[in-house]
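Enquirer: Provided below are the primary sequence and the corresponding predicted coordinates.
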Protein chains: 2
Amino acid sequence: MNIACIGLGLIGGSFALSLKKNFPEIKRYGMDKNPKHLEKALELNIIDKVLKDTDLLSMDVVVVSIPVDKASTVIQEVLDKVHPKALVMDMGSTKGELCTAIADHPKRDQFLAAHPIAGTEFSGPEAAFSSLFEHKTMIFCDVEATQSALVELAKSLIAPLEMSLKYMDSKAHDKHLAYVSHLSHISSFMLGKTVLEVEQNDKTIFDLAGSGFASTVRLAKSNPVTWTAIFKENQSEIIQALEGYIQNLKTFQKQLESQDYSQIQQELVNANELKPILNGILKKEENGN
Amino acid sequence: MNIACIGLGLIGGSFALSLKKNFPEIKRYGMDKNPKHLEKALELNIIDKVLKDTDLLSMDVVVVSIPVDKASTVIQEVLDKVHPKALVMDMGSTKGELCTAIADHPKRDQFLAAHPIAGTEFSGPEAAFSSLFEHKTMIFCDVEATQSALVELAKSLIAPLEMSLKYMDSKAHDKHLAYVSHLSHISSFMLGKTVLEVEQNDKTIFDLAGSGFASTVRLAKSNPVTWTAIFKENQSEIIQALEGYIQNLKTFQKQLESQDYSQIQQELVNANELKPILNGILKKEENGN
């Protein structure tokens, strides 16, 4: 079997490495717009061969893992060129705009919209590792629009990763992810900005900050290109999630101004409700790494 | 030497355990308002003996690690009763209000305002461990108000912990900590609240959230009593820090509304500046644990 990975960063690179580990017989072709990434991917054995345009017709599967604002163009170009029996899937973090954009493509039923809930704050082929997806959640969106044989093919490729597979509508996916992922990134980026504006001396931050700060601001290290694209593709849902967050912060600020400490304590007790969920996520992550 | 630890939660308990490890000859007395904590501290060998009011005069050192809004009252009561050569120190996260409140106490020069930058999202004596403070930062505030011999005594007790010792003015301490610690907690608590309000089904959060969400919301697990007290004691600095954060979030929201993605990407690039600082903090934490 021939599989092409277009985009060889953290996500695409990790998927290619998982193929190498679990299906050594598969020939892995790869392409990345960044020539350094492509070179590195070859060097690190993430792929076997550089994908040429003329190779596309002989691919059984094409996996697209590129910034989400570029995905619909690339996926449509790929669909135009692939074999009528090939599967094309993406690995992006947003799905609504993409699924709308390709809805009328004549080969729509060869495409599967997939989103592995996995990642780190690092990026590029050097950050890729074969177990990134293991035991994580995989979401397939609008699966009824894809040929069922091709859905089964995708499932067989991720089977060794023992992922928890969920099916979602692409619009619902984007709404949920705005809250449980995209908002976390904005909160982290802006927290980083706020602290950097005030603490002109990096040494002060370093000396005074503990693991709590590091944890909360960890996502501020994330890749700006990847995340600008996500914010762009999920703009309207994110604006709404952000509005809710800003309102809650303002309410908290007002409670602080009016010294309503019993209400503040109640807010913290309520937020503590996340404890069992967070402990569960951490356990899931530990199993996955 | 006799040392009393008043407050036997994560901080007080961990300090008592570090004494046991590094100075086995010291007799450790302890007290906690919560009878279960006191019992647990005895059971876990965090302390040797329960501190009675009549024991106070024979203590060489008294370490107060209780919610910061209760600290100035307890510290003044302790100062009233201790031996004229004893050291009283606290371990709280805020210092401005406390140092103002006790400024005129006749035994002010027997008190040292200390803040170890160490903690986890867990609390109570069960969460305590002897290496919590190792290789972390210790801040001594307004040290010129304390007898230098007693400052040296405090330094000798933490010497085996190899902490990085910083001297700060108590007001400056509170201003910096509002940004690098207290704001992180609020951002986390409110992010947790925002997500819980929308995602009525815990299972959805669990399924869709990855390690990024868990990291950003980790501090929402923190103890409500401890943190309400910190917000109360550092109210004015926190309101200001929170205002800066809210303004930055609003600016981001406006950039998103006006689809100014080049500016958004620049914001993320700027926040990436935290990378080396965060990597340094994580290295410091790894050494400490």
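Expert: That came in fine, so what should we check first?
Enquirer: Give the helix, strand or coil label for residue A:55.
Expert: What DSSP: H, G, I helix; E, B strand; the rest coil gives for residue A:55 is helix.
Enquirer: Phi and psi next, for the residue nearest to it when sequence neighbours are not counted.
Expert: Once flanking residues are discounted, residue A:55 sits nearest to residue A:29: 5.9 Å by CB to CB, 6 or more residues apart in numbering or on different chains. To be clear about C-beta, it is placed using only N, CA and C from the backbone, and glycine gets the same treatment. Backbone torsions for residue A:29, taken as degrees, to the nearest 10, come to phi -90, psi 150.
Enquirer: what's the spacing between residue A:29 and chain B?
Expert: Residue A:29 is 28 Å from chain B, where distance means CB to the nearest CB, to the nearest Å.
Enquirer: gap between that residue and residue A:6?
Expert: 9 Å (CB to CB, to the nearest Å).
Enquirer: May I ask which helix or strand of chain A has the lowest mean pLDDT?
Expert: helix A:275-288 (a mean of 73; mean pLDDT, DSSP states H and E).
Enquirer: Report the contact partners of the residue nearest to residue A:55.
Expert: Residues counted as contacts of residue A:29 (CB atoms under 8 Å, 6 or more residues apart in numbering or on different chains) are A:2, A:3, A:4, A:5, A:47, A:48, A:49, A:50, A:51, A:55, A:59.
Enquirer: if you set the cut-off to 7 Å instead, what comes out?
Expert: Residue A:29 is in contact with A:2, A:3, A:4, A:47, A:49, A:51, A:55, A:59, counting by CB atoms under 7 Å, 6 or more residues apart in numbering or on different chains.
Enquirer: For the residues you listed, give me CSV that also has secondary structure and neighbour count.
Expert: Output for the contacts of residue A:29, formatted as CSV (DSSP: H, G, I helix; E, B strand; the rest coil; neighbours: other CB atoms under 10 Å in any protein chain shown):
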residue, secondary structure, neighbour count
A:2, strand, 19
A:3, strand, 24
A:4, strand, 27
A:47, coil, 27
A:49, strand, 13
A:51, coil, 21
A:55, helix, 15
A:59, coil, 22
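Enquirer: Specify which member of these is nearest to residue B:219.
Expert: Taking CB to CB as the measure, residue B:219 sits nearest to residue A:47 out of the contacts of residue A:29, at 40.0 Å.
Enquirer: do you know how far that closest one is from chain B?
Expert: Separation of residue A:47 from chain B (CB to the nearest CB): 25 Å.
Enquirer: Surely residue A:162 and residue A:134 touch.
Expert: Yes. With contact defined as CB atoms under 7 Å, residue A:162 reaches residue A:134; the gap is 6.3 Å.
Enquirer: of the two, who's got more company?
Expert: residue A:134 (19 against 12; other CB atoms under 10 Å in any protein chain shown).
Enquirer: Pop out the phi and psi values for that one.
Expert: Main-chain torsions, residue A:134, degrees, to the nearest 10: phi -60, psi 130.
Enquirer: pLDDT at it, what is it?
Expert: In this model, residue A:134 is scored at 96, pLDDT.
Enquirer: Then the one 3 residues further on?
Expert: Residue A:137 carries a pLDDT value of 94.
Enquirer: What parts of the stretch 51-200 of chain A come near chain B?
Expert: Contacts of the stretch 51-200 of chain A with chain B, taken as CB under 7 Å from any CB of the partner chain, map to A:117-119, A:137, A:164, A:166, A:176-177, A:179-181, A:183-199.
Enquirer: Quick one: buried ones out of those residues?
Expert: Listed as buried from those are A:117-119, A:137, A:166, A:176-177, A:179-181, A:183-196, A:198-199; burial here means 16 or more other CB atoms under 10 Å in any protein chain shown.
Enquirer: Can you list which of these are found in strands?
Expert: Here DSSP state E is the test, and those give A:117, A:137, A:166 as lying in strands.
Enquirer: Considering those residues, which is situated nearest to residue A:11?
Expert: For those, the nearest to residue A:11 is residue A:117 (11.1 Å; CB to CB).
Enquirer: Just give the nearest non-adjacent residue to residue A:257, would you?
Expert: Per CB to CB, 6+ apart, closest to residue A:257 is residue B:239, 6.2 Å.
Enquirer: residue contacts, the one you found?
Expert: Going by CB under 7 Å, 6+ apart, the list of residues near residue B:239 reads A:253, A:256, A:257.
Enquirer: how about CSV for those, with pLDDT, neighbour count and secondary structure added?
Expert: Putting the contacts of residue B:239 into CSV (pLDDT from 0 to 100; neighbours: other CB atoms under 10 Å in any protein chain shown; DSSP: H, G, I helix; E, B strand; the rest coil) gives the following:
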residue, pLDDT, neighbour count, secondary structure
A:253, 98, 18, helix
A:256, 98, 21, helix
A:257, 98, 12, helix
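Enquirer: Let me have the residues you listed in JSON lines, extended by distance to residue A:106.
Expert: Output for the contacts of residue B:239, formatted as JSON lines (distance: CB to CB, whole Å):
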{"residue": "A:253", "distance to residue A:106": "54"}
{"residue": "A:256", "distance to residue A:106": "58"}
{"residue": "A:257", "distance to residue A:106": "60"}
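Enquirer: now the helices: where do they sit in the stretch 1-150 of chain A?
Expert: A:10-22, A:35-43, A:68-81, A:96-101, A:148-158 (DSSP state H, counting those that start in this stretch).
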